[in-house]
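the following comprises the amino acid sequence and a computationally predicted model.
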Amino acid sequence: MKTDSEERSAEKNNKQEKNFANPGGRMPNIKVFTGTSHPEIAKKIASRLGLELSRATTKTFSNKETNVEIGESVRGEDVYIVQSGCGDINDNLMELFIMINACKIASASRVTAVIPCFPYSRQDKKEKSRAPITAKLLANLVSVAGADHVITIDLHASQIQGFFNIPVDNLYAEPAITKWIKENIPEWKSLVMVSPDAGGVKRMTAIADRLDIDFAIIHKERQRAHDGDSTVLVGDVRNRVAIIVDDLADTCDTIVKGAESLRDAGASKIYAICTHGIFAGNAIDKINGSCLEALVVTNTIPQEKNMKLCSKLQTIDISVMLAEVIRRTHYAESVSYLFTNVPY
């Protein structure tokens with residue numbers, strides 16, 4: 001039985017979902033801009049909100065300096081700038097800083113940086129002497145540029161939120177991943193969720209708990225200093241569908257080797273689902289030559305070119321989540337609903 005407060009909360013969220021599905025007109029005092037890193041997702045966000053992307057022109061001078069011109073008034077407006085951490089990352093970051101600062105000094109009421117894939121998130125601690133904590137430096141730069149708020153998805157390390165002195169909404173791809181599994185894998189009730197390393201256990205078990213299914217862990221161990229890594233599978237995957245879950249697909253070595261371990265352990269089918277598909281170097285070739293049935297990533301990073309090169313690659317659209325968090329932020333509504341649910 002639900003308590004009265006739980007029923008009222010559910011009724012409020014349902015009402016907000018209906019209002020969002022039928023916004024009934026243009027949202028007031030809001031501007032959505034896009035950088036050059038991922039304009040496709042920005043267009044989807046704006047379309048979902050019933051808006052057109054605001055005008056901004058970006059160009060690079062012959063000496064490689066970045067120039068940004070905001071093409072319309074932002075005075076007193078609630079501004080959202082969409083720029084993902086992909087492509088020419090450093091150039092795109094500089095473009096983001098300039099856009100934030102340009103809007104801020106043009107008297108925007110609030111400037112929010114929407115960064116679907118937060119770059120440098122793996123440099124969140126000192127791994128050895130004299131190593132930089134670059135994620136903290138980037139947090140400082142975003143704040144100094146003038147951002148009042150940051151929206152991102154699946155930070156590599158949750159503690160990065162503490163690097164900022166401004167509010168950070170770190171959304172989770174978990175609800176969208178859970179929905180994809182239920183809609184695309186008929187035998188999902190008997191499958192096994194797998195973490196490719198110890199660091200991803202919390203992320204993997206969260207999805208396994210939502211689906212109420214079993215899970216397994218691939219543990220890497222090194223016997224001697226100069227020996228290669230060996231893997232030990234903790235859990236039973238024999239004659240079952242297995243899904244490897246991770247936040248980043250970069251070189252894809254971990255995913256491909258994990259899939260081989262699961263195949264050797266008797267898994268009938270093997271999938272991999274990651275939030276951010278970076279695919280550096282020859283990662284696509286590795287996926288094509290792997291035993292994976294499919295590799296599924298969200299569209300926090302553009303994947304059109306990669307999907308033409310790899311038939312195993314599929315995407316989950318998370319623009320609806322970003323659009324909804326922007327809407328709720330604009331109207332000062334709670335965003336906690338999005339931590340466990342996908343908007344309609």
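Received it, and whenever you're ready, just let me know what you need.

could I get the full set of helices for the stretch 201-344 of the chain?
201-211, 253-264, 283-288, 304-309, 319-330 (DSSP state H, counting those that start in this stretch).

looking at these, which is buried most?
Highest mean neighbour count of the helices of the stretch 201-344 of the chain: helix 319-330, a mean of 22 (counted as mean count of other CB atoms under 10 Å). Using the backbone N, CA and C atoms, a C-beta is placed for each residue, glycine as well.

contact partners of that helix?
Helix 319-330 has contacts (CB atoms under 8 Å, 6 or more residues apart in numbering) with 16, 20, 27, 30, 32, 41, 44-45, 48-49, 78, 80, 82, 112, 114, 116, 149, 151, 153, 169, 171, 175-176, 299, 333-335, 337-338, 342-343.

chain center to stretch 234-242: distance?
Remark: stretch 234-242 is offset 27 Å from the chain centroid, using CA atoms, centre = their mean, to the nearest Å.

quick check: end-to-end length of it?
Terminal residues of stretch 234-242 are spaced 13 Å apart (CA to CA, to the nearest Å).

quick one: buried residues of that stretch?
Buried residues in stretch 234-242, counted by 16 or more other CB atoms under 10 Å: 235, 237, 240-242.

hang on, the earlier thing: I'd like the helices of the stretch 201-344 of the chain as JSON lines, with mean pLDDT and distance to Ala135 appended.
As requested, the helices of the stretch 201-344 of the chain are arranged in JSON lines below (pLDDT from 0 to 100; distance: least, CB to CB, whole Å):
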{"stretch": "helix 201-211", "mean pLDDT": "92", "distance to Ala135": "18"}
{"stretch": "helix 253-264", "mean pLDDT": "94", "distance to Ala135": "20"}
{"stretch": "helix 283-288", "mean pLDDT": "96", "distance to Ala135": "23"}
{"stretch": "helix 304-309", "mean pLDDT": "96", "distance to Ala135": "25"}
{"stretch": "helix 319-330", "mean pLDDT": "97", "distance to Ala135": "21"}
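
in a strand, Ser47, correct?
No: Ser47 is assigned helix when assessed by DSSP: H, G, I helix; E, B strand; the rest coil, not a strand.

what is the neighbour count of it?
Number of residues near Ser47 (other CB atoms under 10 Å) recorded here: 13.

relative to Ser84, how far out is it?
In this view, Ser47 and Ser84 are 17 Å apart by CB to CB, to the nearest Å.

mind putting the helices of the stretch 201-344 of the chain into JSON lines with distance to Ala106?
Shown next, in JSON lines, are those (distance: least, CB to CB, whole Å):
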{"stretch": "helix 201-211", "distance to Ala106": "39"}
{"stretch": "helix 253-264", "distance to Ala106": "44"}
{"stretch": "helix 283-288", "distance to Ala106": "40"}
{"stretch": "helix 304-309", "distance to Ala106": "33"}
{"stretch": "helix 319-330", "distance to Ala106": "19"}
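
for these, which one sits closest to Asp88?
Nearest of those to Asp88, taken as CB to CB: helix 304-309 at 14.9 Å.

what's the closest one packed up against?
helix 283-288, strand 313-316 (3 or more CB pairs under 8 Å, 6 or more residues apart in numbering; DSSP states H and E).

format the CA atom coordinates belonging to that helix as CSV.
Extracted in CSV, the C-alpha atoms of helix 304-309 (Å, rounded to 0.1, in the frame of the first residue of the first chain):
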residue,chain,number,x,y,z
GLU,A,304,26.3,8.3,-37.2
LYS,A,305,29.7,7.6,-38.8
ASN,A,306,30.5,4.7,-36.5
MET,A,307,27.1,3.0,-37.1
LYS,A,308,27.9,3.0,-40.9
LEU,A,309,31.2,1.1,-40.1
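
out of the contacts of helix 319-330, which end up buried?
Of the contacts of helix 319-330, these count as buried by 16+ other CB under 10 Å: 16, 20, 30, 32, 41, 44-45, 48-49, 78, 80, 82, 112, 114, 116, 149, 151, 153, 169, 171, 175-176, 299, 333, 335, 337-338, 342-343.

any idea which of the helices of the stretch 201-344 of the chain gets closest to Phe61?
Among the helices of the stretch 201-344 of the chain, helix 304-309 sits nearest to Phe61 (CB to CB), with 27.0 Å.

can you pull the buried residues of stretch 183-194?
185, 188, 191-194.
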